[in-house]
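Student: the following block contains a protein sequence and its predicted model.
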Amino acid sequence: MEAKQGKNWGGLWTKVKLEVVDRYLDAYTKVMKNKGFKIWYIDGFAGDGQSPDDMVGSPLLALKYNRINKFVFIDKNRNNIESLKHTVHKKFSNKLCIIEFIKGDANEHIPKILSTWKKNRDRGIIFLDPFGLEISWETIKAIANTEAVDLWLLTVGSSFMLRLLSRDYKRNSQAIIKTLERYLGVSEEYIKKYFYVRQPQLPISMKKPDNYNQNRTELIRARLDQYSFIRKFVHLIQEQISNLFPITIPPLVLYDKTSGQYKFMLHFFCANNNSKRAQVIASDIAKYITHLMESKYPDVCFVLKI
């Protein structure tokens, strides 16, 4: 799936997710002001630096913060990277020496970058805002293993998943199943068990309808509404992530009220060198921000508690 291009994407939920990141960067850099760490900001899907309606994109928001010592902007799309470079040259030319622009796959480059970190020296924030299922669970593992990163991750919503998965399990292509295995970090068997239900066997005395197929495995959406499905999907992701990160908070769900679709889920996880105090501070800040967004933008977001 292509990275975001131009201004043919977004909505008010884009403003919400950018405000979340901006507010967290502001709080994070203040907390880390007098610490001796080298602070990184890594944006795995940086785009061209602009958002719809000429809103400032996440790379330019991050560049406002002087406490950050190193910026890494990654995007698969060459036009996005070139456009971002051009904008940064005009607005932040004084910071070019601490900025790295990478045209490539975040799954390839982020683990390489993190492998050079030293626990007693490096700390950072990573923002991952893909359009779909581009993130690999192995990348999330690499981030968790640093014990030094605060991660904001945008995951797909239930509307995307319900479009992706066929009602009949057998109609799903192997490509889709492999993508979900890579994205969720679970096996095909687990996906089948978690997202699908087998039709109950009818008693011998009951007449089977003409369209009944005893071996058919149907998507849970046949029995659940979209809200119920998203709760189940969030539970799976939270369960997976809790195995990697000591702190997680309920996600901020971004949705389109007009269409009634749950578009994205903004998750936060932190693992600051296994420091309990740092974990609590980061978690408290993130919870405050997500609940603030829920109150400020009730028409497009809410905190989903499982």
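Tutor: Thanks, I have it.

Student: and the strands in the stretch 1-150 of the chain?
Tutor: 38-43, 70-75, 99-103, 122-128, 148-156 (DSSP state E, counting those that start in this stretch).

Student: counting by contacts, list what the longest one packs against.
Tutor: Applying 3 or more C-beta pairs under 8 Å, 6 or more residues apart in numbering; DSSP states H and E, we find strand 148-156 packed against helix 12-31, strand 122-128, helix 137-145, strand 261-272. All C-beta atoms are positioned from the backbone trio N, CA, C, and that covers glycine.

Student: one more: the fourth one?
Tutor: Here strand 122-128 touches helix 12-31, strand 38-43, strand 148-156, going by 3+ C-beta pairs under 8 Å, 6+ apart.

Student: in CSV: the ones you listed, plus mean pLDDT and mean neighbour count.
Tutor: Output for the helices and strands packed on strand 122-128, formatted as CSV (pLDDT from 0 to 100; neighbours: other C-beta atoms under 10 Å):
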stretch, mean pLDDT, mean neighbour count
helix 12-31, 94, 19
strand 38-43, 98, 22
strand 148-156, 94, 23
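
Student: closest to M293 out of those?
Tutor: With C-beta to C-beta, the closest approach to M293 among those belongs to helix 12-31: 5.5 Å.

Student: who's in contact with that closest one?
Tutor: Applying C-beta atoms under 8 Å, 6 or more residues apart in numbering, the contact partners of helix 12-31 are 39, 41, 51-52, 55-58, 61-62, 64-68, 125, 127, 129, 150, 152, 154, 252, 254-256, 263-264, 266, 281-282, 285-286, 289-290, 292-293, 297, 299-301.

Student: go again using 6 Å as the cut-off
Tutor: Residues lying outside helix 12-31 but in contact with it, judged by C-beta atoms under 6 Å, 6 or more residues apart in numbering, are 51, 58, 61-62, 65, 67, 127, 152, 254, 263, 266, 285, 289, 293, 297, 300-301.

Student: before we move on, the earlier item: mind putting the helices and strands packed on strand 148-156 into CSV with distance to E100?
Tutor: Below are these laid out as CSV (distance: least, C-beta to C-beta, whole Å):
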stretch, distance to E100
helix 12-31, 18
strand 122-128, 13
helix 137-145, 17
strand 261-272, 23
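
Student: relative to I74, which of these is closest?
Tutor: strand 122-128 (9.7 Å).

Student: about what we covered before: got a markdown table for the strands of the stretch 1-150 of the chain, with distance to I237 too?
Tutor: Output for these, formatted as a markdown table (distance: least, C-beta to C-beta, whole Å):
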| stretch | distance to I237 |
| --- | --- |
| strand 38-43 | 21 |
| strand 70-75 | 22 |
| strand 99-103 | 27 |
| strand 122-128 | 13 |
| strand 148-156 | 6 |
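
Student: now I143. Nearest residue, chain neighbours left out?
Tutor: Nearest non-adjacent residue to I143, counting by C-beta to C-beta, 6 or more residues apart in numbering: V149, 5.1 Å away.

Student: so what sits opposite the one you found in the bridge?
Tutor: Under the criterion DSSP bridges, V149 forms beta bridges with G124, A271.

Student: roughly how far apart are it and I125?
Tutor: 7 Å (C-beta to C-beta, to the nearest Å).

Student: I'd assumed P246 was in contact with A144.
Tutor: No. A144 lies out of contact with P246 (C-beta atoms under 6 Å); the separation is 9.2 Å.

Student: how many neighbouring residues does N94 have?
Tutor: For N94, the neighbour count with other C-beta atoms under 10 Å is 8.

Student: typo on my end, R163
Tutor: For R163, the neighbour count with other C-beta under 10 Å is 10.

Student: over to the one 10 residues further on?
Tutor: When neighbours are counted by other C-beta under 10 Å, S173 registers 9.

Student: residues contacting it?
Tutor: Counting by C-beta under 6 Å, 6+ apart, S173 has no contacts.

Student: need phi/psi at it.
Tutor: Phi and psi for S173, reported as degrees, to the nearest 10, are phi -70, psi 160.
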